[in-house]
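*Asks:* With the sequence up front, the predicted model follows.
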Amino acid sequence: MEHWQRWRVVLVILALLISVYLSGCQPVTSTKATVYTAGTTTGLFQTPELAGEGEEIPHSLETSPEQKPESTPEQKPESSSEQQSVLSPEQKTEPIPEQKAETLPAAPADESDDNPAPTPSIDLPQTPIHPYYDLSGTPPSAPGLAMRVRAFNEEPQKIAYLTFDDGPYPQTTPRILKVLQDEGVKATFFVVGRQVERYPDLLKAEYEQGEGIGNHSYSHDYHLVYRSPESFLADIKQAEELIFKAIGVRPKIVRAPGGTQGHFHVSYYNAVDAADYLIYDWNVSSGDADAALVPADQLVQNIESQVPGKARIIILMHDAGAKVTTPDALPRIIQYLKQQGYSFGVITPKVAPILFPGGFHS
């Protein structure tokens, strides 16, 4: 009996010790559970102190739909304040702002199709006025002007182009042809359609002698020719048909009645060029149209006063019926030019035109 009581005492003491031991170890077990289960216990990560240890927020952390943006790249928090911002309840009810500004810029649109070139600023300088052809073939330029590039032949250092307008006439044209033949030079005749109708054989004589043939309109009537660019071309075409009928050639070189100065503007140049004609003015004039009859000596003096300093010259003369002093002065004019070292040429579309500047300013 006494032996049994001793064992009861031992069992009671042992139970007390176990109870004390178990009650003393419980907090330690709870703390360990907190540490080991941190990766799966969502409620613990709502306490900022736990995130303050510098541990990375697990990627398996579930978030509300509002916290799953589609285009924003995943970012790692670097401080406790940023983690608190990510996990705070307020952000769960607000969508994440769009970050379109951070995306790569779009590629520029192709302006060759749907996007025309930008309109130049109105304060840009206008097209410069360049009222002549370069010998390289570059055409004149001016606001609104559209003339094609040409190809011109090389020329001697000094060259003269003798030209005669308004014919043919029986009083003057045969005499001029005789002088040209005697002097061994060539010239260019800008013929009028009405005169070709009357004297087609004289046109044939010019052509067969190897002279150049140009178009000087049909009517030579300023009121008809200069009504419009279309009227001008119609008159040119009418003369062209008569020339073609007489010699089988359609000249592409044209001289405007009275010259382009005061008659042409940009629209005329565009129309002539579009029809593949070349227009020719002059830079030396004999002055035989200054009066009904100008003395031959005066014609020679006029030429001699204008030629110096010019490497290439287009000389204006006339073979109209009343200009009988022009054939008289022609031998001396040719002799003077030869003495000055000029060669003589025939105007063709391969010869760069000389143009008056006035028409390019209007």
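*Replies:* Cool, the structure landed.

*Asks:* Check the gap between the nearest residue to Tyr277 once chain neighbours are set aside and His216 for me.
*Replies:* Nearest residue to Tyr277, sequence neighbours excluded (Cβ to Cβ, 6 or more residues apart in numbering): Val254, at 4.8 Å. The C-beta positions use only the backbone N, C-alpha and C, and glycine is treated the same way. Distance of Val254 to His216, given as Cβ to Cβ, to the nearest Å: 8 Å.

*Asks:* Kindly state the beta-bridge partners for the residue nearest to Tyr277.
*Replies:* Asn215, Ile279 (DSSP bridges).

*Asks:* do Thr163 as well
*Replies:* Residues in beta-bridge contact with Thr163 (DSSP bridges): Thr188, Leu316.

*Asks:* my guess is it contacts Arg255, does it?
*Replies:* Yes - taking Cβ atoms under 8 Å as the definition, Thr163 is a contact partner of Arg255 at 7.4 Å.

*Asks:* ok so Ile314 is a strand residue?
*Replies:* Yes - under DSSP: H, G, I helix; E, B strand; the rest coil, Ile314 sits within a strand.

*Asks:* hang on, it packs against Val284?
*Replies:* Yes - assessed by Cβ under 8 Å, Ile314 is found in contact with Val284 at 6.9 Å.

*Asks:* circling back to that earlier point, the more surrounded of Val254 and His216?
*Replies:* Counted by other Cβ atoms under 10 Å, Val254 and His216 do not tie: His216 has more neighbours, with 26 against 22.

*Asks:* Give me the common contacts of Val254 and His216.
*Replies:* Phe190 (Cβ atoms under 8 Å, 6 or more residues apart in numbering).

*Asks:* Compute the first-to-last residue distance for stretch 191-208.
*Replies:* End-to-end distance of stretch 191-208 (Cα to Cα, to the nearest Å): 15 Å.

*Asks:* any idea of the pLDDT on the residue nearest to Tyr277?
*Replies:* For Val254, the pLDDT comes out at 98.

*Asks:* Also Gln126?
*Replies:* According to the model, Gln126 scores 71 on pLDDT.

*Asks:* for Ser64, same thing?
*Replies:* For Ser64, the predicted pLDDT is 37.

*Asks:* Can you give me the distance of the nearest residue to Leu293 once chain neighbours are set aside to Ala256?
*Replies:* Among residues not flanking Leu293 along the chain, Thr325 sits closest, at 6.2 Å (Cβ to Cβ, 6+ apart). Using Cβ to Cβ, we find Thr325 at a distance of 25 Å from Ala256.

*Asks:* Look at Arg312 and say how many residues are nearby.
*Replies:* 18.

*Asks:* For the closest residue in space to it that isn't next to it in sequence, give its distance to Val185.
*Replies:* Once flanking residues are discounted, Arg312 sits nearest to Ile159: 5.2 Å by Cβ to Cβ, 6+ apart. According to Cβ to Cβ, Ile159 and Val185 sit 11 Å apart.

*Asks:* Return every residue with contacts to both of these two.
*Replies:* Common contacts of Ile159 and Val185 (Cβ under 8 Å, 6+ apart): Phe344.

*Asks:* Leu203 versus Glu230, what's the distance?
*Replies:* 26 Å.

*Asks:* The two: who's more crowded?
*Replies:* Remark: of Glu230 and Leu203, Leu203 carries more neighbours, 25 against 10, as counted by other Cβ under 10 Å.

*Asks:* Contacts made by the helix or strand that one falls within with the rest, please.
*Replies:* Using DSSP states H and E, Leu203 falls within helix 200-208. Contact with helix 200-208 is made by 167-170, 173-174, 177, 189, 191, 196, 213, 242-243, 245-247, 249, as judged by Cβ under 8 Å, 6+ apart.

*Asks:* let's see it at 7 Å
*Replies:* Pro168, Pro170, Thr173, Leu177, Phe189, Val191, Val196, Ile213, Ile243, Ala246, Ile247 (Cβ atoms under 7 Å, 6 or more residues apart in numbering).

*Asks:* List only buried entries from these.
*Replies:* Buried by 16 or more other Cβ atoms under 10 Å: Pro168, Thr173, Leu177, Phe189, Val191, Val196, Ile213, Ile243, Ala246, Ile247, out of those.

*Asks:* Okay then, goodbye and thanks.
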